[in-house]
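Asks: sharing a model prediction with you, sequence too.
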Amino acid sequence: MVKAVVLVMLEPKTYTDAGKITKIPGVKDGFTVFGHYDYVAFLDVQGLEKVGQIADKIQKLGFVRYVETLIER
């Protein structure tokens with residue numbers, strides 16, 4: 001299993017939409033945060049390729065401005 005964190009920067013005033021991120025298969029948990037990023041999604045998947053696929057799905061959501069992915073070493 002590969003564990004990863006996706007840091008998400010949301011479009012302004014879209015915090016209520018952010019909960020949709022946790023509905024994506026492979027996203028185990030997530031919550032809004034204060035700071036440079038607005039939302040943190042935790043992934044637990046079978047491989048690195050899957051991490052990239054999920055990060056792409058998150059990025060393509062209409063209320064997402066930017067994502068950065070951190071992968072457990």
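Replies: Thanks, I have it.
Asks: switch to C-alpha atoms for all contacts and neighbour counts from now on
Replies: OK.
Asks: what comes up buried for stretch 43-50?
Replies: Across stretch 43-50, burial judged by 16 or more other Cα atoms under 10 Å covers 43, 44, 45.
Asks: I meant stretch 3-20, not that one.
Replies: 3, 4, 5, 6, 7, 8, 9, 10, 18, 19.
Asks: now that stretch: how far from the chain's centre is it?
Replies: Between the centre of stretch 3-20 and the centre of its chain there are 6 Å (Cα atoms, centre = their mean, to the nearest Å).
Asks: on that earlier part again, nearest to residue 57 among the buried residues of stretch 43-50?
Replies: residue 43 (12.7 Å; Cα to Cα).
Asks: thought that closest one was touching residue 3?
Replies: Yes. Proximity of residue 43 to residue 3 meets the contact threshold set by Cα atoms under 8 Å, at 5.6 Å.
Asks: so which residues of this structure form helices?
Replies: 48-59 (DSSP state H).
Asks: would you state the strands of this protein in chain order?
Replies: Counting by DSSP state E, the chain has strands at residues 2-10, 27-32, 39-45, 64-71.
Asks: partners of the longest one, with directions?
Replies: Which is strand 2-10. Neighbouring strands of strand 2-10 in its sheet, by DSSP bridges, are strand 39-45 (antiparallel), strand 64-71 (antiparallel).
Asks: now it: average pLDDT?
Replies: Confidence for strand 2-10, expressed as mean pLDDT, is 97.
Asks: any idea of the angle it forms with helix 48-59?
Replies: 20 degrees (axes from the mean of the first three to the mean of the last three Cα atoms, to 10 degrees).
Asks: can you give the contact residues for strand 2-10?
Replies: 18, 36-48, 51, 55, 63-72 (Cα atoms under 8 Å, 6 or more residues apart in numbering).
Asks: so how far is residue 12 from residue 45?
Replies: 30 Å (Cα to Cα, to the nearest Å).
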